[in-house]
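Chemist: All I have is the shape, not the residue letters:
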């Protein structure tokens, strides 16, 4: 068999692997579910690095998982890859009446509002349905706020949202002085949630922003480690003042 650009050939390839490769044959939906999550994050990393050669490969890995799960489901007579494609197309057509029907919209905000209305008609009990609880908490917080905003539950202006941040900051500070660990966790969560909210008013993605800060921290902390190594010292032998000095230097050097 040779590589091709045909989707049908990919399906056939995975079917062959399921029959002839001991590892592929042994897998189940449960055994590779964590691999699917891993592939998503690898794709995100490639995208954030603007490495589109790598992103192409990672999107391919995601496609492999879609095909692999569909073939396993087909073996158990649950659904086929054709069912997956048809169901997806039905949903996309149904949720875009402004494209495939006679509905008229003025902007993307109205599209989002209509999307939520259509989902409710499909049987969703809540506007917040469809947000899996295992999602990263920052992403889920932002998506919940966006969904609520689509149906009108939102601060009118960012200044009101900022007042909420200040209120939650004060409440968190008070629990740090005289509160239980549960109260502290509660107020810390409220503060984080309110920070996600204020960022949303300026089209700031909380997860992306924190990821940037994580990368910045990692880069600067690695610089401290490198400087310690050049001095033939371990980090534990550096004073906090020395580490802070290297930290400040890293901000100029990197």
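Modeler: Perfect, I can see it now. None of these values were measured; they are calculated from a predicted model.

Chemist: Which parts of this structure are helices?
Modeler: Counting by DSSP state H, the chain has these helices, from start to end: 7-20, 22-26, 33-48, 52-75, 81-94, 97-100, 108-121, 137-150, 158-178, 181-200, 206-230, 240-253.

Chemist: For residue 131, find the nearest of those helices.
Modeler: Comparing the helices of the chain by their distance to residue 131 (Cβ to Cβ), the top pick is helix 137-150, with 5.4 Å. In short, each C-beta sits where N, CA and C put it, glycine included.

Chemist: Run the angle between the closest one and helix 181-200 for me.
Modeler: Interaxial angle, helix 137-150 versus helix 181-200 (axes from the mean of the first three to the mean of the last three Cα atoms, to 10 degrees): 60 degrees.

Chemist: by contact count, what packs against helix 137-150?
Modeler: Judged by 3 or more Cβ pairs under 8 Å, 6 or more residues apart in numbering; DSSP states H and E, helix 137-150 is in contact with helix 108-121, helix 181-200, helix 206-230.

Chemist: what's the burial count for residue 252?
Modeler: Other residues near residue 252 number 6, with proximity taken as other Cβ atoms under 10 Å.

Chemist: Could you measure from it over to residue 218?
Modeler: Relative to residue 218, residue 252 is positioned 17 Å away (Cβ to Cβ, to the nearest Å).

Chemist: Likewise for residue 128?
Modeler: Counting by Cβ to Cβ, the separation of residue 128 from residue 218 is 33 Å.

Chemist: Please say which of these two ends up with more neighbours.
Modeler: Set side by side, residue 128 and residue 218 show unequal neighbour counts under other Cβ under 10 Å, the larger going to residue 128 at 13 against 10.

Chemist: tell me the phi and psi of the more buried one?
Modeler: Listed backbone geometry of residue 128 is phi -90, psi 0, with angles given as degrees, to the nearest 10.

Chemist: Quick check, pLDDT for it.
Modeler: In this model, residue 128 is scored at 88, pLDDT.

Chemist: And for residue 1?
Modeler: pLDDT at residue 1 comes out at 85.

Chemist: Number of residues surrounding it?
Modeler: Using other Cβ under 10 Å, the number of residues around residue 1 comes to 7.

Chemist: hang on, isn't it packed against residue 13?
Modeler: Yes - the pair residue 1 and residue 13 passes the contact test of Cβ atoms under 8 Å, sitting 6.2 Å apart.

Chemist: and residue 171, what does it touch?
Modeler: Residue 171 makes contacts with 187, 190, 191, as judged by Cβ atoms under 8 Å, 6 or more residues apart in numbering.

Chemist: quick one: contacts for the last one?
Modeler: Shown in contact with residue 191 (Cβ under 8 Å, 6+ apart): 165, 168, 169, 171, 172.

Chemist: swap in the second one?
Modeler: If you count contacts by Cβ under 8 Å, 6+ apart, residue 190 has them with 168, 171, 172.

Chemist: That one and residue 180, how far apart?
Modeler: If you measure residue 190 against residue 180 using Cβ to Cβ, the figure is 15 Å.

Chemist: and if you look at residue 63?
Modeler: Remark: distance between residue 63 and residue 180 (Cβ to Cβ) = 48 Å.

Chemist: which one of these two has more residues nearby?
Modeler: When residue 63 and residue 180 are compared on other Cβ under 10 Å, the one with more neighbours turns out to be residue 63, at 14 against 9.
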